[in-house]
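In: My questions concern the predicted model and sequence given below.
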Amino acid sequence: MAIPQGTPPRVLTIAGSDSGGGAGIQADLKTMLALGTHGMSVLTAVTAQNSLGVQGVWELPADAVRAQFRAVVDDIGVAAVKTGMLATAELVETVAALLGPLGVPVVVDPVGVSKHGDPLLATDALDAVRTRLLPVATVATPNLPEVAQLTGVTVRDEDDLRRAAEAVLAHGPRWALVKGGHLPGDATDLLTDGTTEHWLRAPRLDNRHTHGTGCTYASAIAARLAVGDEVPEAVAAAKEYVTGAIRAGFPLGAGIGPVHHGHALAPRPR
Ligand SMILES: Nc1ncnc2c1ncn2[C@@H]1O[C@H](COP(=O)(O)OP(=O)(O)OP(=O)(O)O)[C@@H](O)[C@H]1O
Ligand SMILES: Cc1ncc(COP(=O)(O)O)c(N)n1
């Protein structure tokens, strides 16, 4: 399919909806726009969610997920994909089967629980994530609770990040990006393909309004891959973007507010 000049790179998110607009599909599409790409979506689940937590989850049927994917891919085409909340084992398997033959970079954010501790993935879906989804990932981006769930490795300090990344790589993604956001001290992540290591460091920002950091980071990586970056460059650019978004995170509702996806686009209205 010939892409006319001036068309923004096309990026697809396969994830759940966050009605509060800070995480999930909403975070992904805002991030993709902020990074100069055309975002598209395959919705896997609807959540009733706000700054206080997740009040309800409704999964879509596998047929609806397959139909959305085919509608986008067969007509518009995609240059990179990001996956987020997949909710059930059936949806994990459905999405992995669709992505296997696609032939474009895939960023897998293996979302397990929300910041408030609400489950976003059935516990009986973990095996499908390990055996079906991680093998089709170009980059897998687990946070520390997700690393523990998927590999059994507990990370207490930066030295453990290397062991965690190796355990993630054993499940088949080309690159593992283990996020140290849940450790005290600097916000340090480790990206490795088993032969090279890239340490991504940012100062820990004193801002509690961090809802959606993981979705935003993974979507930014996918957007940069769609633009044509190699994985290490894409992750470095995404780290810079998510750090800026966390710095500008703002209060909303009575609980944890979102990161600011448009931080680099426009000044905040007064
Ligand atoms: N307070 C902070 N200051 C600076 N960077 C942070 C902070 N918290 C997290 N990060 C960074 O944000 C990125 C996302 O990491 P995090 O561990 O928060 O992901 P996550 O837990 O998957 O996010 P989510 O809570 O949205 O699921 C990482 O680069 C991490 O280092
Ligand atoms: C639909 C959806 N997807 C992902 C997250 C994780 O984001 P967070 O850990 O910041 O709550 C979420 N809360 N909701």
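Out: Arrived safely. Numbers count the residues shown, from 1 in each chain. Ligands and ions are numbered 1, 2, ... in the order given.
In: now check the stretch of helix or strand residue 25 belongs to, is it near ligand 2?
Out: Using DSSP states H and E, residue 25 sits within helix 24-34. Yes - applying C-beta under 6 Å from any ligand atom, one finds helix 24-34 touching ligand 2 at residue 24. Glycine gets a C-beta too; all of them are placed from N, C-alpha and C.
In: how far does that helix sit from the chain's center?
Out: 10 Å (C-alpha atoms, centre = their mean, to the nearest Å).
In: Hey, what's the angle from the very next helix or strand once past it to helix 24-34? Just curious.
Out: Remark: after helix 24-34, the chain's next helix or strand is strand 38-50, criterion DSSP H and E. Orientation check (axes from the mean of the first three to the mean of the last three C-alpha atoms, to 10 degrees): strand 38-50 against helix 24-34 gives 140 degrees.
In: Tell me the strands beside strand 38-50, with direction?
Out: Strand 38-50 pairs in its sheet with strand 10-18 (parallel), strand 53-59 (antiparallel), by DSSP bridges.
In: anything in it sitting right up against ligand 1?
Out: No - figure legend: strand 38-50 not in contact with ligand 1 (C-beta under 6 Å from any ligand atom); closest approach 12.1 Å.
In: Enumerate the positions of that strand that are buried.
Out: For strand 38-50, burial by neighbour count (16 or more other C-beta atoms under 10 Å) applies to 38, 39, 40, 41, 42, 43, 44, 45, 46, 47, 49, 50.
In: tell me the contacts of residue 15?
Out: With contact set as C-beta atoms under 8 Å, 6 or more residues apart in numbering, residue 15 has these partners: 24-25, 28, 41-44, 82-86, 111, 215.
In: Can you report how many residues neighbour the residue in the stretch 1-150 of the chain positioned nearest to ligand 2?
Out: Per C-beta to the nearest ligand atom, residue 24 is where the stretch 1-150 of the chain lies closest to ligand 2, at 2.9 Å. A count of nearby residues for residue 24, using other C-beta atoms under 10 Å, gives 29.
In: now the residue nearest to it when sequence neighbours are not counted: how far from ligand 1?
Out: Leaving aside its sequence neighbours, residue 24 sits nearest to residue 18 (C-beta to C-beta, 6 or more residues apart in numbering; 3.6 Å). Look at residue 18 and ligand 1: by C-beta to the nearest ligand atom, to the nearest Å, they are 10 Å apart.
In: got it, and residue 76?
Out: From residue 76 over to ligand 1 (counting by C-beta to the nearest ligand atom), the distance is 27 Å.
In: circling back to that earlier point, of the strands paired with strand 38-50, which stretch is the most buried?
Out: Comparing these by mean neighbour count (mean count of other C-beta atoms under 10 Å), strand 10-18 ranks first with a mean of 28.
In: ok, it near ligand 2 or not?
Out: Yes - contact of strand 10-18 with ligand 2 (C-beta under 6 Å from any ligand atom) involves 15, 16, 17, 18.
In: check contacts around the last one.
Out: Same thing as residue 18. Counted by C-beta under 8 Å, 6+ apart, residue 18 has contacts 24, 25, 26, 27, 47, 49, 212.
In: export those residues to a markdown table and tack on distance to residue 149 and pLDDT?
Out: Formatted as a markdown table, the contacts of residue 18 follow (distance: C-beta to C-beta, whole Å; pLDDT from 0 to 100):
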| residue | distance to residue 149 | pLDDT |
| --- | --- | --- |
| 24 | 19 | 98 |
| 25 | 23 | 98 |
| 26 | 25 | 98 |
| 27 | 21 | 98 |
| 47 | 19 | 98 |
| 49 | 21 | 97 |
| 212 | 20 | 97 |
